[in-house]
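Engineer: Have a look at this fold, sequence not included:
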């Protein structure tokens, strides 16, 4: 490998710290960079009591990343991507929710920040490649020379669902050193490397909504922007259109949700659909949530050429979903794919991604309409 | 490493380290103690005080030692404002001050003081006429920095001092503070009658961190803001930092013998090379009325953050605007106040030269800047893919 430095995206967590430590141990010149994405003190009424710690971009995490870099003896910089993050990730997140979709900000962040602006920063400082702590593998097809993405060895930690939007030029310059390891090995390595973050908890939620209350975040964000959140009240109806109750904003609901409906019925009710135009939330039985097919738009073919005829694949419709057997059919233009599941799937949710697999190979993915 | 960030901090001069070595090994007594070890320390502190007072053109009794520039500004602002009588107190400062002055004023606002923040022109200068228009009968304090840390712009503090002295002569209880942290050692100390309160810091003048000065002119009604012993004529409780004070005195003696043309010629050499080799580079601030060591340049189409990192990877230390609490770079509030856009502010980098820089070093950094800016401009892509995935 060349002697150009590798830029490691360091969050202050155990995974990215191990990446930096591993590359260093292998003798590569390494530059550590932390992306400042969101000011956690920005929405004070939304911040958890006791302050924000142990979350993305918190002072504690930056402190940890800097300390790890010091332990490893590598140059380290904090780079401010806050404005870009707000434009490319936070605003689309809010708009999606208000449009009745359930967005995945991590994918937008990967597409527009981590494998775009960060790569540009790496270019600027003369780094040849970037490395992150994602659980995914990149391989090269010996016949075609095409870069391929494969699921990580640790299936519990696999993050390929969030990485389907990457392109060949991005894959060519990216290293995922943890893709072949399981988490316990990573922690073991962290101890072995003497990293002070070896026992740190994994982050779980979306980084800028550390408590998982997305609707609360959206409300707080609107208050900060001086935009009134009124006019979002609406009706809760059943599948026949009968009004069962009222709610304070359709963005508080996502498809498949059971809690918080506060309407009485003889059997468990679930959100079937939300309509942003009318602010109407439709509820129904579990069976009403089952779908046989979906259309994915803005499809990105990652490891293979765009399909011209139907092919079998396994499709994941949310991160924790078990990939289900399906047939992919080319849609109008290259960017749409029709997906026919072999068995009906529960809670197909607009705004989430449909990611196509062939075994451990990530074929590509798109956004559920 | 080549160092071009002297407005952030300076290396300790060898002569200062020698003086402090003596202090650390031989002058351990508490200056407040009665015994001879204490007397020895007291004499060392007072000798230093005399030397420093002479450098700052004040009397020894007017020199108060602190822990640094931030404490000096806090002491000046809180120690004066909270001690002055009156229900409707008004103060005037500027938006280009260092946070060490801005934040105390914001706190005073929360305590009910009315504060006016003056802007700056495109050259980074405060307008005295505008300042005069904002003075009121209940204005009790004016605080304007001597030289700006980011642009090096030297403010018209002699005129402001004259204005305040005139008002005080007419019976108004009004005092002038100037944050001299960036000016001390680089330009002459204010001639008297100058500011009533003047802040300075040791680590900007080739002495270590942890020592500062607040010069308090006789008759200024300043009270200490921390409680404790009766040190520094009851203006600053706490045992004196004896080695720090002795080092600072030595450091200012050295500044007095600096050749003022040295950094000026380095800075001009740097700017000539960079500006002749690169297009789309603008000077932030005015070429006149600025510190001879400071060059703040706007490289259009380049991320200042990326340029800083690229230079650091090559072993050259420079600076972009101010850092936020985590250490990430934010667009400089000073450049924004001068009318720069956020984009322009984020494309700006500050080079501040110092005593130990050489022409050869300047040629190296100029060459690295030219090459890095060309590379950054070449690798800069068109704006990211449209947000088509949304």
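Structural biologist: Yep, it's here. Everything numeric in this text was worked out from a predicted model, so none of it was measured.

Engineer: Distance of residue B:69 relative to chain A?
Structural biologist: Residue B:69 is 23 Å from chain A, where distance means CB to the nearest CB, to the nearest Å. Heads up, the C-betas are built off the backbone N, CA and C, glycines and all.

Engineer: Tell me who's in contact with the nearest residue to that residue once chain neighbours are set aside.
Structural biologist: Distance criterion CB to CB, 6 or more residues apart in numbering or on different chains; nearest residue to residue B:69, sequence neighbours excluded, is residue B:201 at 3.6 Å. Neighbouring residues of residue B:201 by CB atoms under 8 Å, 6 or more residues apart in numbering or on different chains: B:68, B:69, B:72, B:181, B:184, B:211, B:212, B:213.

Engineer: Looking at these, which is nearest chain A?
Structural biologist: Nearest to chain A among the contacts of residue B:201 is residue B:68, at 22.0 Å by CB to the nearest CB.

Engineer: hang on, that closest one packs against residue B:209?
Structural biologist: Yes. Between residue B:68 and residue B:209 there is a contact at 6.8 Å, judged by CB atoms under 8 Å.

Engineer: These two: which has the busier surroundings?
Structural biologist: residue B:68 (22 against 14; other CB atoms under 10 Å in any protein chain shown).

Engineer: excluding its backbone neighbours, what's nearest the more buried one?
Structural biologist: The shortest distance from residue B:68 to any non-neighbouring residue, by CB to CB, 6+ apart, is to residue B:212 (4.0 Å).

Engineer: For residue B:70, give its distance to chain A.
Structural biologist: 19 Å.

Engineer: ok so, going back, from the contacts of residue B:201, which ones fall inside helices?
Structural biologist: If you go by DSSP state H, the contacts of residue B:201 have B:69, B:72 in helices.

Engineer: got any residues that touch both of residue B:68 and residue B:209?
Structural biologist: The contact lists of residue B:68 and residue B:209 share B:202, B:203, where a contact means CB under 8 Å, 6+ apart.

Engineer: Confirm residue A:327 sits in a strand?
Structural biologist: Yes. Counting by DSSP: H, G, I helix; E, B strand; the rest coil, residue A:327 falls inside a strand.

Engineer: Which SSE is immediately downstream of the helix or strand hosting residue B:350?
Structural biologist: Residue B:350 belongs to strand B:348-352 when assigned by DSSP states H and E. Per DSSP H and E, strand B:348-352 leads on to helix B:359-379 as the next helix or strand towards the C-terminus.

Engineer: What is that next one packed up against?
Structural biologist: In terms of contacts (3 or more CB pairs under 8 Å, 6 or more residues apart in numbering or on different chains; DSSP states H and E), helix B:359-379 is packed against helix A:118-124, strand B:2-3, helix B:260-277, helix B:304-313, strand B:316-317.

Engineer: now the angle from the third one to strand B:348-352?
Structural biologist: In other words, helix B:260-277. 150 degrees (axes from the mean of the first three to the mean of the last three CA atoms, to 10 degrees).

Engineer: what do you get for the fourth one?
Structural biologist: Angle of helix B:304-313 versus strand B:348-352, following the same axes, to 10 degrees, is 40 degrees.

Engineer: Helix B:304-313: how far from the chain's middle?
Structural biologist: 23 Å (CA atoms, centre = their mean, to the nearest Å).

Engineer: who touches it?
Structural biologist: Against helix B:304-313 from outside (CB under 8 Å, 6+ apart): A:5, A:31, A:33, A:75, A:77, A:79-80, A:121, A:124-126, B:299, B:317-321, B:329, B:346-349, B:365, B:368-369, B:372-373, B:375-376.

Engineer: Show me chain A divided up by domain.
Structural biologist: A:6-133+A:177-192, A:232-284, A:290-368 (automatic domain parsing).

Engineer: Could you dump those domains into TSV and include mean pLDDT, distance to residue B:78 and mean neighbour count?
Structural biologist: Output for the domains of chain A, formatted as TSV (pLDDT from 0 to 100; distance: least, CB to CB, whole Å; neighbours: other CB atoms under 10 Å in any protein chain shown):
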stretch	mean pLDDT	distance to residue B:78	mean neighbour count
domain A:6-133+A:177-192	89	24	20
domain A:232-284	85	46	16
domain A:290-368	94	52	18
